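Enquirer: sequence first, then the predicted structure:
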Amino acid sequence: MGKYFGTDGFRGEANKELTFEHAVQIGRFLGWYYGKRLNKKAKVVIGKDTRRSSYMFEYALCTGLTASGADAYIMHVTTTPSVSYIARTDDFDCGIMISASHNPYYDNGIKVVNSNGEKMDDETLNQIEEYIDGKIEIPLAERDEIGRTVDYVSGRNRYIGYLIGLSKYSFKNVKVGIDAANGSAWAIAKSVFDAIGAKTYVINAEPDGLNINRDCGSTHIEHLQKFVVENGLNIGFAYDGDADRCLCVDEKGNVVTGDHILYIYGLYMKERGKLINNKVVTTVMSNFGLYKALDAVGIEYEKTKVGDKYVYENMVKNGHRIGGEQSGHIIFSKYATTGDGILTSLKLMEVMLAKHKPMSELAAPVKFYPQVLKNVRVKSKPDAQNDPDVLAAVQAAAEALGEDGRILVRESGTEPVIRVMVEATSNETCEKYVDGVIDVIRDKGHLI
């Protein structure tokens, strides 16, 4: 990760860590970089979520882009995956999404994707950071070289049409609940489900700039659980602020996580001969119960570092077709280059209708193992994690757990913290082995 850009863009509290000036600078660099690199006027598409500060950052980015000679095409409030889709299908040089995903309204972020709709490469992001730090000088555009802004709501409408066209079944008479998180999905999801014939029931679709993710959406799915049961719905979907992730609620009110989704759709692909390489891509934080369920049906799996960026890199490198995270970032490489919450909903509905089974039955084989995760603050993450006695304690725990659990010790990417996680058949077992490793870290003097 760089100085400003992490695995999911430049993120921080608006006008504190991420300022108006930063957005202008990002626009200035991208407008100049693509114009110079391609020897033509650059074209950049911009989307935003419903945060109050997203309007400020949208105008700031447009200011920077046009001052450097680029044309900025504005999709207005839309989803992160829609920006990726339009960037790759409508011949844009890059795309920008203004969102802090599932964070509270006062945070915001700037995500940059390339012309293929993929997260921007580290080399380009590093150059943006150098410009922000004053290490690169960029000329201003003059006269007829100054760029312009273009209303591009038609791009969002085209994305909606794309999603509708992916449905293989009519959703007629299926009662679907949607929690739009007062975010990007509020103006898109219902249109898609209504067009395919569903009886759509929506909550948290009244954004006011301050209520995005507030006690709603995928981070507060308990409200959708109650809503589905009380209204006798067949299924429910909860999105985050920019709708690149999706969690599901079955007809009984049970939560269907990203791990369940990987199993359900992975098996569906395998049964139809569509699971190329017979592999599903997960992260190291997927639940042990997912791996047990995949083993039972003969599906193999890859494990990457936490972050949908790493999942996608693995999929591209190895030609895998489905991957994702427990949090609901699911990537279907045939249809998208990023997680897409609404697309994930449609794919789950497809399985349910194709198999004529309720979601509770489809998800049942994935039985989650109890999990205990504890964070410990340390003086040096590498020293603590690579200490021979700590390694021995981790190895001993792994051997004791055998095939009935697992232990994972990893460094935080942003804090002086080591995370110790154990999954096992009981909470007591988890606590025992987590505390055992932490005791060794403490005894060796690594704690702050």
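Expert: Sure, I can see it. Numbers count the residues shown, from 1 in each chain.
Enquirer: relative to M56, how far out is G328?
Expert: 28 Å (Cβ to Cβ, to the nearest Å). For every residue, glycine as well, the C-beta is placed using N, CA and C.
Enquirer: looking at those two now, which is surrounded by more residues?
Expert: G328 (28 against 18; other Cβ atoms under 10 Å).
Enquirer: skipping its backbone neighbours, what lies nearest the more buried one in space?
Expert: Nearest in space to G328, with sequence neighbours left out and distances taken as Cβ to Cβ, 6 or more residues apart in numbering, is R245 at 3.7 Å.
Enquirer: list the residues that contact that neighbour.
Expert: 101-102, 218, 239, 258, 325, 327-330, 339, 341, 344 (Cβ atoms under 8 Å, 6 or more residues apart in numbering).
Enquirer: give me that answer again for 7 Å
Expert: S218, Y239, S327, G328, H329, G339, G341 (Cβ atoms under 7 Å, 6 or more residues apart in numbering).
Enquirer: ok, now V417?
Expert: N375, V376, R377.
Enquirer: part of a helix, is the last one?
Expert: This means R377. No - using DSSP: H, G, I helix; E, B strand; the rest coil, the secondary structure at R377 is strand, not a helix.
Enquirer: that older thread, pipe the contacts of V417 into TSV and attach pLDDT per row.
Expert: Below are those laid out as TSV (pLDDT from 0 to 100):
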residue	pLDDT
N375	94
V376	94
R377	94
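Enquirer: for PyMOL, write the selection for the buried entries among those residues.
Expert: One line in PyMOL is enough to select the buried ones among the contacts of V417; burial here means 16 or more other Cβ atoms under 10 Å:
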select buried, resi 376
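Enquirer: any idea which of the contacts of V417 is closest to D435?
Expert: Proximity of these to D435 (Cβ to Cβ) peaks at V376, which lies at 10.7 Å.
Enquirer: can you give me the distance of the closest one to R419?
Expert: 8 Å.
Enquirer: so D250 sits against L362, correct?
Expert: No - taking contacts as Cβ atoms under 7 Å, D250 lies outside contact range of L362: 8.2 Å.
Enquirer: got the buried residues for the helix or strand hosting C430?
Expert: Assessed by DSSP states H and E, C430 sits inside helix 427-443. Within helix 427-443, the residues scored as buried using 16+ other Cβ under 10 Å are T429, C430, Y433, V434, G436, V437, I438, V440, I441.
Enquirer: residues in contact with it: which ones?
Expert: Here helix 427-443 has contacts from 370-372, 374, 376, 378, 384, 389-390, 393-394, 397, 401, 405, 407, 409, 418, 420, 422-424, 447, using Cβ under 7 Å, 6+ apart.
Enquirer: tell me which of those fall in helices.
Expert: Among these, the members found in helices (DSSP state H) are A384, D389, V390, A393, V394, A397, L401.
Enquirer: residues touching the residue nearest the centre of the chain, list them.
Expert: Centre of the chain computed as the mean C-alpha position; nearest residue by Cα atoms, centre = their mean is H329, 4.3 Å away. The contact partners of H329, by Cβ under 7 Å, 6+ apart, come to D244, R245, G258, D308, G339.
Enquirer: which other helices and strands does the longest helix seen in the chain contact?
Expert: Counting by DSSP H, the longest helix found in the chain is helix 20-38. If you count contacts as 3 or more Cβ pairs under 7 Å, 6 or more residues apart in numbering; DSSP states H and E, helix 20-38 packs onto helix 52-67, helix 122-132.
Enquirer: other SSEs contacting the helix or strand where I86 lies?
Expert: Using DSSP H and E, I86 sits in helix 80-89. Using 3+ Cβ pairs under 7 Å, 6+ apart, the elements in contact with helix 80-89 are strand 43-48, strand 71-77, strand 94-98, strand 107-114, helix 153-166.
Enquirer: can I get these in CSV including mean neighbour count and mean pLDDT?
Expert: Formatted as CSV, the helices and strands packed on helix 80-89 follow (neighbours: other Cβ atoms under 10 Å; pLDDT from 0 to 100):
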stretch, mean neighbour count, mean pLDDT
strand 43-48, 27, 98
strand 71-77, 22, 98
strand 94-98, 28, 98
strand 107-114, 24, 97
helix 153-166, 18, 96
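Enquirer: mind putting the ones you listed into TSV with distance to G289?
Expert: Below are the helices and strands packed on helix 80-89 laid out as TSV (distance: least, Cβ to Cβ, whole Å):
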stretch	distance to G289
strand 43-48	36
strand 71-77	37
strand 94-98	33
strand 107-114	31
helix 153-166	29
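Enquirer: of these, which is nearest G273?
Expert: Between the helices and strands packed on helix 80-89, helix 153-166 lies closest to G273; by Cβ to Cβ that is 19.4 Å.
Enquirer: chain center to that closest one, what's the gap?
Expert: When distances are taken as Cα atoms, centre = their mean, to the nearest Å, helix 153-166 is centred 20 Å away from the chain's centroid.
Enquirer: mind saving the C-alpha coords of that helix as CSV?
Expert: Written as CSV, here are the backbone C-alpha positions of helix 153-166 (Å, rounded to 0.1, in the frame of the first residue of the first chain):
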residue,chain,number,x,y,z
VAL,A,153,-26.6,9.6,-16.6
SER,A,154,-27.2,7.6,-19.8
GLY,A,155,-24.2,5.4,-18.7
ARG,A,156,-26.0,4.5,-15.5
ASN,A,157,-29.1,3.6,-17.4
ARG,A,158,-27.1,1.4,-19.8
TYR,A,159,-25.6,-0.4,-16.8
ILE,A,160,-29.2,-1.0,-15.5
GLY,A,161,-30.1,-2.5,-18.8
TYR,A,162,-27.0,-4.7,-18.7
LEU,A,163,-28.1,-6.2,-15.4
ILE,A,164,-31.6,-6.7,-16.5
GLY,A,165,-30.4,-8.5,-19.6
LEU,A,166,-28.3,-11.0,-17.5
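Enquirer: gap between V376 and D133?
Expert: Taken as Cβ to Cβ, the span from V376 to D133 is 33 Å.
Enquirer: what does Y169 give?
Expert: Distance from Y169 to D133, by Cβ to Cβ: 52 Å.
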